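Participant: Starting from these lines, generate the structure:
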Amino acid sequence: MRIAVNTRLLIRGKLEGLGWFTHEVVKRLVEQHPEDEFIFFFDRLYGREFIFGKNVTPVVLFPPARHPVLFYLWFEWALAGALKKYRPDVFLSPDNFLCLRTGVKTTLVTHDLAHVHFPEQLPFLQRKYYQYFAPKFNRRAERIVAMSEFTKEDIVQQYGILPEKISVACNGCRDIFRPLSKAGVQEVRNNYAGGQPYFFYIGAVHPRKNVHRLIRAFDIFKAKTGAPVKLLIGGRFAWKSGEVLMAFKASEHQDDIHFLGYLTEAELPKLMAAAHACTYVSLFEGFGVPLLEAMHSEVPVITSNVPAMPEVAGEAALLVDPRSLAEIAAAMQQIWQNPHLCAKLVAAGKLQREKFTWQRAADVVYENLKMSAGGMMEPLPFRSKISPGIVCTKNM
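Facilitator: Residues are numbered from 1 along each chain as shown. Below is the predicted model of the structure:
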C-alpha cells in the first residue's frame, strides 16, 4: 500500500500526548511493513529522527497549523492538494482531524470527544471549529480508531455512527518508564521535593484536568494528617488556568506544592517512579496515559471514576469522584497510611498494564488502514516516482 500520514504533531522536543501516539504507532508501521510506501505530511521543517525508514517520503506543507483558521487552510487546501498529487491508497490521520476535500480513503484516530462534554473549557474559536468539523470528520472517515471502548460508544451516541465502523485501539507506554531503586527514588526526592515523598500529577494544566480540586484536596489531606508529603505538578499551563492559580494562592500549604512546568524526557520518568502515588483525577479522558506510565513505574494510582479512566485502571487504582474533595483527600490518606494497599495496587498494575501496548495499537491501526483501502494490497499502475520536498499552498 501507499500510505499517507498526517505527521504534523511530530515536532522535535515538543512531543505530547497525540504526538507520542503518532510517533510510537507510525514508527512501528514503517519498520514492520517495509513492503509499504509511506508519505509523511509535516506542517513545518522536520527532524530526521522522524523518518523511520527508507520507505518514508517526507513532505512539508505550509502553513503550520496551530490555530482553527490555519487548521482549515492546512487540512482543506494544502493537504487536499498534496493528496491529489501523491495519490495514496489510504490516508491515516492520528490526531482527530482529517481532510474533507479529498476522495482518498481515510482512517481517522479519534482520541476523545471532550469538546462535546466540556465545550466551555475551550477557547471560542477552537470550540466552534470542533463543534462544526468533528462530526463531519468522523462521518467522512471510512474507518475510525477510538482510544477506548468508552470513546467508541461516545462517537456512536454523539454522531450516530454505526459501531461496526469503529475499532478500539489503545495508548501504550514508552520503555523509559520503569521502577527506580530505593537510592534512585531518594535522589529524585532530594532534587525535587526536599527529600520528602510526594504525590505527582503530570499533564496539561487546564480546567478539565481538575488540578484546582487536586490542590484543595491536598490541603484537606495535609490538615488531617500533617504528613510530610508534597504535591508536585508537572506540565505546561494551557488555557483558563485561573482556577488553578486561585486554588494555589488560597492554599495553606503553598510551600508543599510545586509547579514543575514542562518536563523533559530525562526528568519525567524519574519523577513518576519516585512518586509516592500518581494522582490523576481528571474530569474526562479518552484514555489516560499517565495511569499506564505509573503502572510501568510500579507506583500506586489515584484516579477518577469517570470514563475512560476505570477502563484503563482496572483494579490497579483507587477510584474517586473527581468533583469530591473529600474523596480525593481520603484516597490520599489511604495511600499514605496503608503500605499493604499500595503494594496491592502496584501488583494489580503489573497485570493491567499488559493489556495496553503500542504494538496492539499499531496492529489495530494497520488492520483499519487495510479495511479503509478496501483490502487492496498492490499499488495502482503507473504513478510517478515520489521525491521528498516542500509543498506550499501557493503551489497547489
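Participant: did I read that right, residue 331 in a helix?
Facilitator: Yes. When DSSP: H, G, I helix; E, B strand; the rest coil is applied, residue 331 is found to be in a helix.
Participant: isn't it right next to residue 302, touching?
Facilitator: Yes. The criterion here is CB atoms under 8 Å, and residue 331 meets it with residue 302 at 4.5 Å. Quick note: C-beta positions are derived from backbone N, CA and C, even for glycine.
Participant: which residues are common contacts for these two?
Facilitator: Residues touching both residue 331 and residue 302 (CB atoms under 8 Å, 6 or more residues apart in numbering): 318, 320.
Participant: Who has more neighbours out of the two?
Facilitator: Neighbours per residue (other CB atoms under 10 Å) separate residue 331 from residue 302, with residue 302 holding more: 28 against 25.
Participant: Just the pLDDT at that one, thanks.
Facilitator: On pLDDT, residue 302 comes in at 98.
Participant: Quick check: bridge partners of it?
Facilitator: residue 279, residue 318 (DSSP bridges).
Participant: For the nearest residue to residue 321 once chain neighbours are set aside, the count of nearby residues, please.
Facilitator: Leaving aside its sequence neighbours, residue 321 sits nearest to residue 327 (CB to CB, 6 or more residues apart in numbering; 4.9 Å). By the criterion of other CB under 10 Å, residue 327 has 19 neighbours.
Participant: Now do the helix or strand hosting residue 327: distance to the chain's middle.
Facilitator: Using DSSP states H and E, residue 327 falls within helix 325-337. Here the centre of helix 325-337 is set off from its chain's centre by 27 Å, with CA atoms, centre = their mean, to the nearest Å.
Participant: and the gap between the closest residue to residue 172 other than its chain neighbours and residue 202?
Facilitator: Distances taken as CB to CB, 6+ apart place residue 358 nearest to residue 172, at 3.3 Å, with adjacent residues excluded. Note on residue 358: its distance to residue 202, by CB to CB, to the nearest Å, is 19 Å.
Participant: Now residue 361: which helix or strand?
Facilitator: Since the elements are taken from DSSP H and E, residue 361 ends up inside helix 358-372.
Participant: Check residue 248 too.
Facilitator: Per DSSP H and E: helix 242-250 holds residue 248.
Participant: So which bits of that helix are buried?
Facilitator: Neighbour counts over helix 242-250 (16 or more other CB atoms under 10 Å) mark 243, 244, 247, 248 as buried.
Participant: same question, stretch 248-264
Facilitator: 248, 251, 253, 256, 257, 258, 259, 260, 263.
Participant: before we move on, the earlier item: the residue nearest to residue 172: what's it in contact with?
Facilitator: By CB under 8 Å, 6+ apart, the neighbours of residue 358 are 24, 25, 28, 171, 172, 173.
Participant: same thing but at 7 Å, please
Facilitator: Neighbouring residues of residue 358 by CB atoms under 7 Å, 6 or more residues apart in numbering: 24, 25, 28, 172.
Participant: Return the per-residue confidence for it.
Facilitator: 98.
Participant: mind checking how far it is from residue 71?
Facilitator: Separation of residue 358 from residue 71 (CB to CB): 27 Å.
Participant: Over to residue 273?
Facilitator: Distance, residue 273 to residue 71, by CB to CB: 37 Å.
Participant: Which one's more surrounded, the two?
Facilitator: residue 273 (23 against 20).
Participant: I'd say the more buried one and residue 179 touch.
Facilitator: Yes. Judged on CB atoms under 7 Å, residue 273 makes contact with residue 179 at a distance of 5.7 Å.
Participant: Selection in PyMOL covering whichever of the contacts of residue 358 are buried, please.
Facilitator: Buried members of the contacts of residue 358, defined by 16+ other CB under 10 Å, are picked up in PyMOL with:
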select buried, resi 24+25+28+172
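Participant: now, among the contacts of residue 358, which is nearest to residue 47?
Facilitator: Checking these against residue 47 with CB to CB, the nearest one is residue 24 at 15.6 Å.
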